[in-house]
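Student: here is the input, now give the coordinates:
(one chain, ligands or ions: 1)
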Amino acid sequence: MELVVIIFSCVFFYLLTSLIYNLYFHPLSHFPGPLLWRAFQFPSLAAMLAGNLPYKVQSLHEKYGPIVRVAPNELSIVDDRAWKEIFQRRDFLRPPQWGARPPGVNAHNLVSAPADIHARFRKALSPAFSEQSIASYEPLIREYFDVLIAKLAKTAPDTFDMVAWFNYTTFDIIGDLCWGESFNCLASGQGHAFISVLLHFKAATIATAIKYYPAIDALIPYITPKSALTMLHNVFDTGHQSIQRRIQDEAKSDQSDILGHVLRYNKNNPVSLQMSQEEIEFNALTMIIGGSETLTTALCGALYQLVSHPSSYQALVTEIRSTFQSEKQISGATVKPLPYLNAVINETLRLCPPFPDLMRRAVPKGGATVAGHHFTEGTVLGVACWPMFQSSKHFSDPGKFAPERWLHDAGDENLSHNGNAFYPFALGPHGCIGQSLALLEMRLLLALLFFHFDFDSPRGGFDWDWNEQKIYWTWEKKPLSINVRKRL
Ligand code: HEM
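Tutor: This next block holds a predicted model:
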């Protein structure tokens, strides 16, 4: 009994002193935010685990202004200067809780790597993401898009869950580019068992939240169900075997895909600059996750918004069908300059950003000045696309889907955008490595779809709002039922 009293007293004393320190003596104590969030870590973690954090952070910015204290040592910033001041610096790294590696994995990936290893990875991967290389992937990408179009055309008019079909497409493509093997989802019309393991973002947020409590984190290896670890190891094993098969396949040695570029880079560089086999495997997995779910979100977002906004839908259809008389004319090069298509993509990435949540970085040694404030080493600064892109300081009528705001001759002075606030792919050394690939895929697929088909929603509108969906780093997407008809 006495021991219990001692333990409770210690916990109470610890919480009380933390509260007093965090509220009155912490270097961030003068920044505004709700009392419990300023005092303790758990409110922001609870919002994250409930799938509400970006929405909550947005409402806090509306109440408290451009800088909000969202945890004792963490600020969220919607001042547009923060993008460049944080993300263009190589020494601003993700806090340790956000770059953890799965149990049993020794290699780093782009997300977990310290600055020097990260720079080595980006150098080794850069040939695979040059404009020239991306253009060389187009025939492979086009093959998958043609399969998707054939599948839709086969039963159209019909209703499809486009979340599933976009998922099949993006996974097949990135699997082929990174592992030299497709997941064959499009051909089979079914998801791959492996994909559902990769898309356990909810579980990943739980694992991250636990990292904030080292005592509980230490117990994780003992309390994690064996089945979960087995599933994870199967994923790594599948990746290992696919990459081995690809390396040993003589016929594919000159193939232009992401893996091919990395293998050629290794061949032509000293060991100190190369990526090890384990590093290639872990990074390939990272790119498979980063290069599929993000694109699925963006494509679903575009379809959701266009079907919900008939005048924007019509403007896009007119642009595509008046530019192209035959499908053969549609290519990466011919879709790139289309103004309305690009405006739709920007507006989609603003209202349905594939990474809506806080991107956190720790202030490096020596401190740093961001958004006019000086911060000491270790302070965590976060920028989140959702509250940044929903801020009326940066976008007029921010909740409205209005691709016209991105056109030079919008004809509506009330629609504006602040380009300095808009980095849906982030920027700098940790910015999205796949940005050009993503833009190629989005432009090409949307152009092909709107060239071939007409779309609408089954009940004349969706009975749910995009931003009702929960967010676990990315959106937990509801099925997107769409009527697909061949164009008249
Ligand atoms: C619309 C599509 C996409 C969007 C909006 C997007 C957005 C982003 C953002 C915001 C980041 C920075 C995350 C952070 O700093 O925490 C990022 C990083 C990354 N993205 Fe993308 N992405 C997209 C597509 C892709 C594709 C197609 C790939 C394929 C390879 C990819 C691979 C990656 C990787 C590997 C990183 C980590 C980069 C690093 O830390 O050096 N992404 N992406």
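Student: ok, now which ones touch Arg101?
Tutor: For Arg101, the contacting residues are Ala107, His108, Asn109, Ser112, Phe282, by CB atoms under 8 Å, 6 or more residues apart in numbering. (Each C-beta comes from the backbone N, C-alpha and C, glycine too.)
Student: test my guess that the third one contacts Thr286.
Tutor: Spelled out, it's Asn109. Yes. Between Asn109 and Thr286 there is a contact under CB atoms under 8 Å: 4.3 Å.
Student: so for those two, which sits in the more crowded spot?
Tutor: When Asn109 and Thr286 are compared for neighbours, Asn109 comes out ahead with 23 against 18, by other CB atoms under 10 Å.
Student: so how far is the ligand from that one?
Tutor: 8 Å (CB to the nearest ligand atom, to the nearest Å).
Student: how far away is that residue from Met275?
Tutor: The gap separating Asn109 from Met275 is 10 Å, by CB to CB, to the nearest Å.
Student: overlap in contacts, these two.
Tutor: Joint contacts of Asn109 and Met275 (CB under 8 Å, 6+ apart) are Phe121, Asn283.
Student: check contacts around whatever residue of the stretch 1-150 of the chain ends up closest to the ligand.
Tutor: Nearest residue of the stretch 1-150 of the chain to the ligand: Leu110, at 3.8 Å (CB to the nearest ligand atom). When contacts are counted by CB under 8 Å, 6+ apart, Leu110 touches His118, Phe121, Arg122, Leu125, Asn283, Thr286, His430, Ile433.
Student: among these, which two are most distant?
Tutor: The distance between the two most remote of the contacts of Leu110 (CB to CB) is 13.7 Å, for Asn283 and His430.
Student: and the strands in the chain?
Tutor: In the chain, the strands defined using DSSP state E lie at 67-71, 74-77, 158-161, 358-362, 368-370, 373-375, 380-384, 453-456, 471-472, 474-475, 481-486.
Student: name the strands paired with the third one and say parallel or antiparallel.
Tutor: Applying DSSP bridges to the sheet, strand 158-161 is found paired with strand 481-486 (antiparallel).
Student: got any ranges where this protein has weak pLDDT?
Tutor: In the predicted model of the chain, residues 1, 410-413 satisfy pLDDT under 70.
Student: what sits against the residue of it found nearest the ligand?
Tutor: Nearest to the ligand in the chain, going by CB to the nearest ligand atom, is Gly434, at a distance of 2.2 Å. Shown in contact with Gly434 (CB under 8 Å, 6+ apart): Phe129, Met287, Gly290, Gly291, Thr294.
Student: same check on Trp464?
Tutor: Lys478.
Student: what are the phi and psi angles of it?
Tutor: With angles defined as degrees, to the nearest 10, Trp464 sits at phi -150, psi 160.
Student: just to revisit the earlier point, got CSV for the strands of the chain, with distance to Lys400 too?
Tutor: What follows is the strands of the chain, written out as CSV (distance: least, CB to CB, whole Å):
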stretch, distance to Lys400
strand 67-71, 24
strand 74-77, 23
strand 158-161, 27
strand 358-362, 24
strand 368-370, 30
strand 373-375, 32
strand 380-384, 20
strand 453-456, 21
strand 471-472, 21
strand 474-475, 19
strand 481-486, 22
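Student: distance to the ligand added to those strands, as TSV?
Tutor: Below are those laid out as TSV (distance: least, CB to the nearest ligand atom, whole Å):
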stretch	distance to the ligand
strand 67-71	16
strand 74-77	14
strand 158-161	20
strand 358-362	4
strand 368-370	15
strand 373-375	18
strand 380-384	9
strand 453-456	20
strand 471-472	14
strand 474-475	9
strand 481-486	19
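Student: now these in a markdown table, with mean neighbour count and distance to Leu263?
Tutor: Shown next, in a markdown table, are the strands of the chain (neighbours: other CB atoms under 10 Å; distance: least, CB to CB, whole Å):
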| stretch | mean neighbour count | distance to Leu263 |
| --- | --- | --- |
| strand 67-71 | 25 | 42 |
| strand 74-77 | 25 | 40 |
| strand 158-161 | 15 | 37 |
| strand 358-362 | 22 | 31 |
| strand 368-370 | 19 | 38 |
| strand 373-375 | 15 | 42 |
| strand 380-384 | 24 | 35 |
| strand 453-456 | 17 | 39 |
| strand 471-472 | 22 | 34 |
| strand 474-475 | 23 | 30 |
| strand 481-486 | 16 | 39 |
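Student: quick one: closest of those strands to Ala228.
Tutor: For Ala228, the closest of those is strand 471-472, at 16.5 Å, according to CB to CB.
Student: just checking: what are the partner strands of the closest one?
Tutor: Counting by DSSP bridges, strand 471-472 is paired with strand 474-475 (antiparallel).
Student: so what touches the strand it pairs with?
Tutor: Residues from elsewhere that reach strand 474-475, judged by CB under 8 Å, 6+ apart: Phe201, Glu293, Thr294, Thr297, Cys352, Pro354, Phe355, Pro356, Asp357, Trp466, Gln469.
Student: filter those down to just the buried residues.
Tutor: Buried subset of these (neighbour count, 16 or more other CB atoms under 10 Å): Phe201, Glu293, Thr294, Thr297, Cys352, Pro354, Phe355, Pro356, Asp357, Trp466, Gln469.
Student: re earlier: for the ligand, tell me which of the contacts of strand 474-475 show up nearby.
Tutor: Near the ligand, judged by CB under 6 Å from any ligand atom, the entries from those are Thr294, Pro354, Phe355.
Student: closest one of the residues you listed to Ala362?
Tutor: Phe355 (18.3 Å).
Student: surely the closest one meets Thr294?
Tutor: Yes. Judged on CB under 8 Å, Phe355 makes contact with Thr294 at a distance of 7.1 Å.
Student: residue contacts, the closest residue to Gln390 other than its chain neighbours?
Tutor: In space, and not counting its chain neighbours, Gln390 is closest to Pro398: 4.9 Å by CB to CB, 6 or more residues apart in numbering. Pro398 makes contacts with Phe389, Gln390, Ser391, Ser392, as judged by CB under 8 Å, 6+ apart.
Student: apply 10 Å and report the result again.
Tutor: Gln58, Arg350, Leu351, Phe389, Gln390, Ser391, Ser392, Arg405, His417 (CB atoms under 10 Å, 6 or more residues apart in numbering).
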